[in-house]
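Peer 1: pasting the structure only:
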């Protein structure tokens with residue numbers, strides 16, 4: 001096993017290798033080179049390290065690392081990335097691999113953390129600590145939407161029907177629209193920013209807008225993926241007005257909902273939820289689109305569970321160089337658990 005650390009600018013030489021490893025592991029749009037390069041352009045500082053590990057001539061690990069304290073490095077984790085920016089063949093992570101990574105990172109290395117690992121693709125060796133981060137979910141596209149609708153909880157069915165009945169009484173109509181061309185997708189991202197900039201997120205400073213760094217990232221990334229037919233924007237409309245927007249990327253039959261927002265003046269209709277229902281119906285009725293699964297990759301909410309979504313944990317992995325460090329870290333974590 002051999003490892004080497006590279007400057008971020010060297011990544012362009014290994015993009016084919018990155019995509020190949022993604023295809024062999026997660027095979028998700030959020031880990032394709034296009035997505036990663038947009039993150040690098042907008043959020044990397046330039047001091048990060050790209051680590052590549054080979055076994056014989058085969059690349060078995062690639063990941064981006066940053067120093068976060070004395071003797072401690074972790075994988076780069078911009079908030080716009082739903083999963084950690086690292087890939088390991090067969091989802092395997094063991095002490096030998098992490099020790100090899102530690103041997104090529106600058107300075108004294110006492111601890112390495114691999115952040116936000118999807119447990120679905122993960123095999124972890126001994127002496128690697130797993131910390132629960134969030135529970136996430138995915139929803140396979142049903143073969144028949146009407147049959148699926150009968151299986152969801154009574155309250156959810158009633159809430160959906162009430163929204164449609166209320167709209168009818170108030171003279172409103174519902175419709176959906178999916179944008180797929182790069183020009184339309186760009187307009188959709190800007191529309192998303194317009195809605196979110198007038199929401200409660202704007203007051204907290206977390207909203208996407210057409211001009212802030214988040215907005216520019218999503219405009220660049222979504223446009224680039226749309227040019228490869230890997231991105232779309234979904235609208236839920238109330239009498240022609242956009243009431244909810246989902247920003248989505250797709251790859252290998254998986255549609256990932258990256259961001260969701262809704263116009264608060266239409267909150268009484270639960271437009272964001274109705275949009276998800278219409279998306280499931282659309283893909284169920286159009287199997288030729290080859291979307292077989294919807295991934296949420298955010299924290300599982302109550303409505304995810306009410307849709308009978310499949311749930312699983314996202315975890316952080318942590319390795320310490322020796323037993324004493326492992327013991328000290330464990331004591332600190334156990335203390336934090338008790339205090340919380």
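Peer 2: Good, I have the coordinates. As the structure is a prediction and not an experimental result, all values here were calculated from the model. Numbering: from 1, shown residues only.

Peer 1: Double-check that residue 318 belongs to a helix.
Peer 2: No. Counting by DSSP: H, G, I helix; E, B strand; the rest coil, residue 318 is not found in a helix; it is strand.

Peer 1: what is it paired to in the beta sheet?
Peer 2: Beta bridges link residue 318 to residue 113, residue 129, judged by DSSP bridges.

Peer 1: Please apply the same query to residue 257.
Peer 2: Here residue 257, judged by DSSP bridges, has bridge partners residue 248.

Peer 1: For residue 136, grab phi and psi.
Peer 2: Dihedral pair for residue 136: phi -120, psi 180, per degrees, to the nearest 10.

Peer 1: if I look at it, how far off is residue 231?
Peer 2: Going from residue 136 to residue 231 by Cβ to Cβ, to the nearest Å gives 20 Å. No exception for glycine: its C-beta is placed from N, CA and C like everyone else's.

Peer 1: which of these two has more neighbours?
Peer 2: residue 231 (30 against 24; other Cβ atoms under 10 Å).

Peer 1: Please spell out which residue in the chain sits farthest from the middle.
Peer 2: The centre of the chain is farthest from one residue, residue 169, which by Cα atoms, centre = their mean lies 38.4 Å away.

Peer 1: so where is the stretch 1-150 of the chain shaky, pLDDT-wise?
Peer 2: Within the stretch 1-150 of the chain, no range satisfies pLDDT under 70.

Peer 1: just the strands in it please.
Peer 2: Secondary structure of the stretch 1-150 of the chain (DSSP state E, counting those that start in this stretch): strands at 2-7, 49-55, 58-69, 72-75, 86-88, 92-93, 111-118, 123-124, 129-140.

Peer 1: Out of those strands, which is closest to residue 194?
Peer 2: Among these, the nearest to residue 194 by Cβ to Cβ is strand 129-140 (28.0 Å).

Peer 1: That closest one versus strand 111-118: what angle between them?
Peer 2: 20 degrees (axes from the mean of the first three to the mean of the last three Cα atoms, to 10 degrees).

Peer 1: Mind listing what's buried along strand 129-140?
Peer 2: For strand 129-140, burial by neighbour count (16 or more other Cβ atoms under 10 Å) applies to 129, 133, 136-139.

Peer 1: picking up where we left off before, I'd like to know which of the strands of the stretch 1-150 of the chain is closest to residue 200.
Peer 2: Comparing these by Cβ to Cβ, strand 129-140 comes nearest, at 21.2 Å.

Peer 1: which strands and helices sit next to that closest one?
Peer 2: Applying 3 or more Cβ pairs under 8 Å, 6 or more residues apart in numbering; DSSP states H and E, one finds that strand 129-140 contacts strand 111-118, strand 293-295, helix 302-306, strand 310-320, helix 323-339.

Peer 1: Which of these comes out lowest on mean pLDDT?
Peer 2: Here the helices and strands packed on strand 129-140 differ in mean pLDDT, and the lowest is helix 323-339 at a mean of 65.

Peer 1: quick one, helices of the stretch 151-300 of the chain?
Peer 2: With DSSP state H, counting those that start in this stretch applied, the stretch 151-300 of the chain shows helices at 154-169, 182-196, 200-204, 213-226, 271-285, listed in chain order.

Peer 1: In TSV: those helices, plus distance to residue 107.
Peer 2: Converted to TSV, these look like this (distance: least, Cβ to Cβ, whole Å):
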stretch	distance to residue 107
helix 154-169	53
helix 182-196	40
helix 200-204	37
helix 213-226	30
helix 271-285	46
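
Peer 1: Nearest approach to residue 15 belongs to which of these?
Peer 2: Of all those, helix 213-226 comes closest under Cβ to Cβ, at 13.3 Å.

Peer 1: what sits against residue 274?
Peer 2: Residue 274 sits next to 160, 163, 174, 236, 244 when contact means Cβ atoms under 8 Å, 6 or more residues apart in numbering.

Peer 1: ugh, typo on my part, it should be residue 90
Peer 2: With Cβ under 8 Å, 6+ apart, residue 90 has these contacts: 25, 123.

Peer 1: most centrally placed residue in the protein?
Peer 2: In the chain, the centroid-proximal residue (Cα atoms, centre = their mean) is residue 82; its distance is 2.7 Å.

Peer 1: From residue 247, how far off is that residue?
Peer 2: In this view, residue 82 and residue 247 are 12 Å apart by Cβ to Cβ.

Peer 1: which neighbours do those two share?
Peer 2: Listed as contacting both residue 82 and residue 247 by Cβ under 8 Å, 6+ apart are residue 258.

Peer 1: Around the nearest residue to residue 317 once chain neighbours are set aside, count how many other residues there are.
Peer 2: Residue nearest to residue 317 in three dimensions, not counting chain neighbours: residue 114, with 4.2 Å by Cβ to Cβ, 6 or more residues apart in numbering. When neighbours are defined as other Cβ under 10 Å, residue 114 has 27 of them.

Peer 1: my guess is residue 325 contacts residue 111, does it?
Peer 2: Yes. Counting by Cβ atoms under 8 Å, residue 111 is a contact partner of residue 325 at 6.8 Å.
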